[in-house]
Structure formats: C-alpha cells, structure tokens
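Colleague: Next come a sequence and a model predicted from it.
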Amino acid sequence: MDYRNILTICPYCGAGCGLYLQVLDGEIVGVMPDKEHPVSQGKLCIKGWNAAAFVHHPDRLTTPLIREGDSFREASWDEALGLVADRLTHIRDTYGPDALGFLVSAKCTNEENYLAQKLARAVFKTNNVDHCARL
Amino acid sequence: MAGLAAAFGSGAMTNSTPEFSQHTRCFLITGSNTTETHSLIASHVLKAKERGATVVVIDPREVQIGRLADLYLRPRPGTDVAWLNGLMYVIITEELADQEFIETRTEGFEEMWRVVQGYPPERVEEITGIPAEDLRAAARMYAQNKPAAILYAMGITQHTTGTDNVKSIANLAMLTGNLGVPGGGVNPLRGQNNVQGACDVGGLPNVYPGYQAVTSPEAKAKFEAAWGVEGLPDRVGLSVVEMVNAAGEGRLRGFFVMGENPLLSDPDIHHARECLEKLEFLAVQDIFMTETAQLAHVVLPAASFAEKDGTFTATDRRIQRVRKAVDPPGQAKADWEILCMLAQRLGAAGFDFASPAEVMDEIARVTPSYGGVTYERLDREGSLQWPVPSADHPGTPYLHREKFTRGRGRFHAIEFQEAAELPDEEYPFILTTGRIMFQYHTGTMTRRSPKLEQEAPEPYVEMNPEDAARIGLDGARRVRVISRRGEIEIAVRLTERIRPGVVFIPFHYAEAAANVLTHAALDPVAKIPEYKVCAVRVEPVAESET
C-alpha cells in the first residue's frame, strides 16, 4: 500500500486555498485542508472539500480525437498534433497571422499560459491571445 | 483591471486576504456574493466583524453577506457610478475626506469634484432607488472607520460601464486615504483560480508577461531578444468576444482553445455557436468533452490540476505551487507538455523545457514582478506575493505603500450612464446573472462532482413574489424567460432576495443557459460583456405544456 499526502492549491475560485490530496495506490481518495495556509487556515468550502471529485470521472478525455463527419475517431498524439500544426500553419500562410486566435486559460498554470502566449506571439506572430478573465 | 491600471498604474488587488481579519475596520462589499463564491475570503471578513469591524453591502441581490451586514443597500442594477459618486459627495461635503492624502498622493481631485457635486443623495435616490439617508450612513461608516477595504467582483465589472465603475471605486478609496495601508485598498476578487496568473504572464491581447505593452518598441525588442525571434506583432490583438465575432465574419479562421468553454461562458450563446461553426479549424485542449470541444476538429486530452506541476496566482497576487499527485488518465498529458510538443512539431526553438520549473525560470527572467520567483523559494516559503523583483525580495503584501505604481494616484471624473439595454414594455424585467455556491463557471468540473451536483442540480430563475403576482404566475413552477437574443424554459423560485423588476439566473447550466439571453454589448475599454443587465420578459409555462 502506497499512501501519500500531496500539498497543492484548490482549482476553484481565486482565493487560492491550500489543501492536501490524499493519494492511495495512485488514486485520490480524499482532500484535507492545510492548517498552515495563510488564507484558508485549515478550512475549505464545499467546493474545496470536493476539489478532486471530477479527477477520476469516467468522462475524462483519455486519447486525442479527430473529427470525422459528425463524430470523432481516436488518434495518436503524432497524428493529432501533426494535423493541428499543418492546419494552423496553412491558415497563417494563406490569410495572415491575425486569422488565428488563441484562448489561454484561467484554469491552467502560469507556466502553461506563458507557453501558450509565447506560441501565439513568437511562432504564429499574432496578439490574438485572451482568456475568460472578463466572463 | 483597466480601471485600476488607469488610476494606480497597476491592475490587481491592492491588499492581501489575511489583512482583512487582522487590520480592516470597515468593509464595503459590492457586486460580490462573497460567502458563496469566495467563502474563505468571506471567513476573514466575518472574523473581522466578530472583533467589531463594520460591514456595508451594496448589491442589487440580497446576497448572504448582505444579510450579515451592518448596513445593506439595494440599488437598481447598472447604477453603480451614481451611488459611488453619491458616497463621495457625502464624504466631501461632510469633510470626511483625507485631505493630506489627496494633496500629497493624488491628482485630478478638482475635475472629479466638478462631476461629483452633481450627485447629492436625493438625486442618487432617484437614479438608484437607495434612500438618501441610507447612502449618507454608508458614506460615514466607510469614511470614519479606517482602514477600510472595498471588495468587489463581477457585479461591478460585467457592465458596459465596468471600467467607469472601477475608476469610481478607485476614486472613493483615494478620497479617504485607504491605499498603501494594510487592511485597506481596492480588492477585486477574481473568480477563477488562476485568472490573476493568466493575466500576469501575458494571456491578454495587449500585453506581454508582466503587463509590458505589445505596442511598446522597447518591450517588443526585449521579447524578440529573449525569445530569439524577429518581427513580433506590435498591434493589440482581439479579446475573447471579439475573436468569436471575427470568426463569425470570416476574419478569424483558426482557433486554438486551451481549457476554456466559450460556448457556455460567452454572451449570446446562439450567436457564439454560429460564429464558431464557421471556423475552418478549431482545436480544443481540455479535460472533458465540453460544449466547445464538441464543435472541434481536433480534441487534445489534457491533465487536470491534480496531475501536473506548476503554479497558480491567487487573487491577492499570491504565487503558489500546484503539485502532481497522480498520473493523468490514458494518454492525457499536461497542457505545458502538449504545447511544447506542438511547438517542436512546428519546428520552433525555445520550447525544449524538461519541467514547469524551467518554464518558471524563463518567466522570472522576462517578467519583472516575478523576477525573484523560483520553485525552490516557493517550496521553502509557501507562497510569494508579487511584485517580488529579486531573489532577496520578500514579496509585497500590499501595493502603493509610499507611491503609486504610476507616481500619483489619478482621480477620474465619471458621469453616470445607463446600461446598454434597459427594460421596456415588451421586455419589462432586468436580468442579472451570477454564480452559486455549489456550482462553478460552466459546470465542467462541478457538475461531474456528485456531492456538488446533488446540492444544486437544477437551473432556476429568482423572482420577487410581487412580480410573480404581476405576471400571473398563479402557482406555475416553470417560466419562459425571453430576451431579444433567445429564450429558455426554467424553474422559478420566489424570493425577497431580489428586488421587484429584476430577475436572477445562475449561468452554470447548459440545459437552461443564461447566456442564451445575455447581451454581447461590451465595455469599450475592458471589453467585458454586460452580463449583469439585460432586458427580458417572463411568461408562466402552463402545467399542460411541461
């Protein structure tokens, strides 16, 4: 039996409460508040207590998908990323960089948002970069 | 954020959450359903109240924190500038303003006063419905109990006048000298775990990481050197809603969406769907098959927060570590890995990172306010609040201590303007949208969390019993809510929490999506849609129809 407590941050609102994910044999089995955290101080709201409830949900996407008509078929990473790269490059080369847009995410990490805007700006040369801060 | 940047030079929460319980003596809370949507921030407010702090809540809905307040005022939605000017009128005429602060730290007071003197409480009562005496009482409470903190959320920003509302809030805090002190300030509570961080690292159409303008030749040169590229674009890009509209007009052909669901979160959903369907290519990277992903040509499976390392920046500029607890399911990968793989596929240099820690090292090199951030420090110190410009800087719990980021704080003279769409004979109600405790944003995560979904499985519209009688509801459980953009059928809940003439719908539910009804009118500066005010008609649905 492998049991660990992993200290992390709640994925819901902007308060940034601290919590431990309780992991048993590679699966999250519970959530515990972080008593030392300066904001949450050992407490969580109902969303925080349920912060990991969706992680092992059967609806999770587990493989890249490519549209075929009205449905999707499973694809390899190689094929899916190849298609994304080709189509975005084609659109940029045909209509110019500002025919592309990139939505980054208030749910993703700083590192991921940094890389996404760098990809838009440095590789595709467009400032059409935004996320749902306003929504 | 644009409003705060114009007033102070920096668009972020000025103070820290823990200061509320430690220092604050008065709270002015507006447009924030704090106990439901930021519960653990609300707990600091309630702790302060226990030791005697005063709480004033001004909100069209009697949200829970309104019931706990010392004074609760209920304005007509969309009239925030009027009551904010009214508070300032009282503070100035009753000589409660902080003269020394105004003289030494600010500019533009005279111009502001020329406008504000047109807002005596009796006129404000006519516009907002707030009794003049209550407005006077609120002004005295806020001005006489220092430090006083203003807390607000999207009830203030999601208006065509959102930037004006924020500038008015900044005016009020400067007028009373409530900036640059612990426990005071202007505190926008961000709705999503990493909205602050996504903005900080350049996830916006007008700025590079660290709010360095894309139109600045110096910033362009700096990032061209840092990234080893030439010809970075120097025109401001399109915002979310503008990108969706551009797709509808055929100007935007390819759209890459990482972890967002604009089809449920954008205003006027029917229009948004039509626009996205016109795209030549849509790629969506997400953890679930969202409404937006269903329209995509390629869907890439991403890792959730529990399956990757990284950092989130909380609403009080607090940078904190997210740690990997379990492996992602199947072939899913962390967004940062997918982006690096895609960039390498495109033959781009500068994306060969072995870990998020290495990405943070690059962020720190190009982002002055994150200059001293490393994973090693975050692991050791727990969290760091920006600006943290260097390795030996301790971070900054509250901003604008001796001077504002822009030097002097700037007062803005703001006249009240009505919302873009007002009720009329055909659409006699104001619809305002918002969030509830058990659900979150477009519900992608919470609706798949059994305990949360069980608490609030069904969408509803809140309506005042007086209005129910007026539309002849006559015991019907369901109503049709109709705007110029579309209609939804939804359960009705009668409550005194909402004032007559106004209805409220939480926007989390795809099956009765409030954003079918909302108006895509944007604030001209911040480009935020007016979710908090649009005109609707409400009709009972006969039992035989259901």
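Modeller: The structure has been received and is ready for your questions.
Colleague: chain center to stretch B:351-360: distance?
Modeller: 29 Å (C-alpha atoms, centre = their mean, to the nearest Å).
Colleague: Say whether chain A is contacted by it.
Modeller: Yes: counting by C-beta under 8 Å from any C-beta of the partner chain, chain A has neighbours in stretch B:351-360: B:351, B:353, B:356, B:359-360. Just so you know, the C-beta spots here come from the backbone N, C-alpha and C atoms, and that holds for glycine as well.
Colleague: Geometrically speaking, which residue is the centre of chain A?
Modeller: A:Cys108 (4.3 Å; C-alpha atoms, centre = their mean).
Colleague: Contact partners for it?
Modeller: A:116, B:194, B:198, B:258-259, B:310, B:335 (C-beta atoms under 8 Å, 6 or more residues apart in numbering or on different chains).
Colleague: Can you tell me which one of the residues you listed sits lowest on pLDDT?
Modeller: Among the contacts of A:Cys108, B:Gly259 carries the weakest pLDDT, at 92.
Colleague: Next, count neighbours for that one.
Modeller: By other C-beta atoms under 10 Å in any protein chain shown, 26 other residues sit near B:Gly259.
Colleague: Distance check, it against B:Tyr370.
Modeller: 21 Å (C-beta to C-beta, to the nearest Å).
Colleague: So, low pLDDT: which residues of chain A?
Modeller: A:133-135 (pLDDT under 70).
Colleague: hey, where'd the helices end up in it?
Modeller: In chain A, the helices defined using DSSP state H lie at A:46-49, A:77-95, A:110-118.
Colleague: For the shortest one, which helices and strands make contact with it?
Modeller: Going back to what we said before, that points to helix A:46-49. In terms of contacts (3 or more C-beta pairs under 8 Å, 6 or more residues apart in numbering or on different chains; DSSP states H and E), helix A:46-49 is packed against strand A:27-33, helix B:450-455.
Colleague: what about B:Ala192, distance to chain A?
Modeller: Quick fix: residue B:192 reads Gln, not Ala. Distance, B:Gln192 to chain A, using C-beta to the nearest C-beta, to the nearest Å: 4 Å.
Colleague: Quick check: residues of the stretch 351-500 of chain B near chain A?
Modeller: B:351, B:353, B:356, B:359-360, B:362-363, B:382-383, B:437-438, B:440-441, B:445-446, B:448-452, B:455.
Colleague: ok, of the residues you listed, which come out buried?
Modeller: Among those, those classed as buried by 16 or more other C-beta atoms under 10 Å in any protein chain shown are B:351, B:353, B:356, B:359-360, B:362-363, B:382-383, B:437-438, B:440-441, B:445-446, B:448-449, B:452.
Colleague: In helices, which of these appear?
Modeller: B:356, B:359-360, B:362-363, B:452.
Colleague: In contact with B:Asn33: list those residues for me.
Modeller: Contacts of B:Asn33 by C-beta under 8 Å, 6+ apart are B:59, B:61, B:63-65, B:153, B:155, B:434-435.
Colleague: How about B:Lys49?
Modeller: Contacts of B:Lys49 (C-beta under 8 Å, 6+ apart): B:55, B:68.
Colleague: swap the cut-off to 6 Å and go again
Modeller: Residues near B:Lys49 by C-beta atoms under 6 Å, 6 or more residues apart in numbering or on different chains: B:Val55.
Colleague: Chain A versus that one, what's the distance?
Modeller: Distance from B:Lys49 to chain A, by C-beta to the nearest C-beta: 16 Å.
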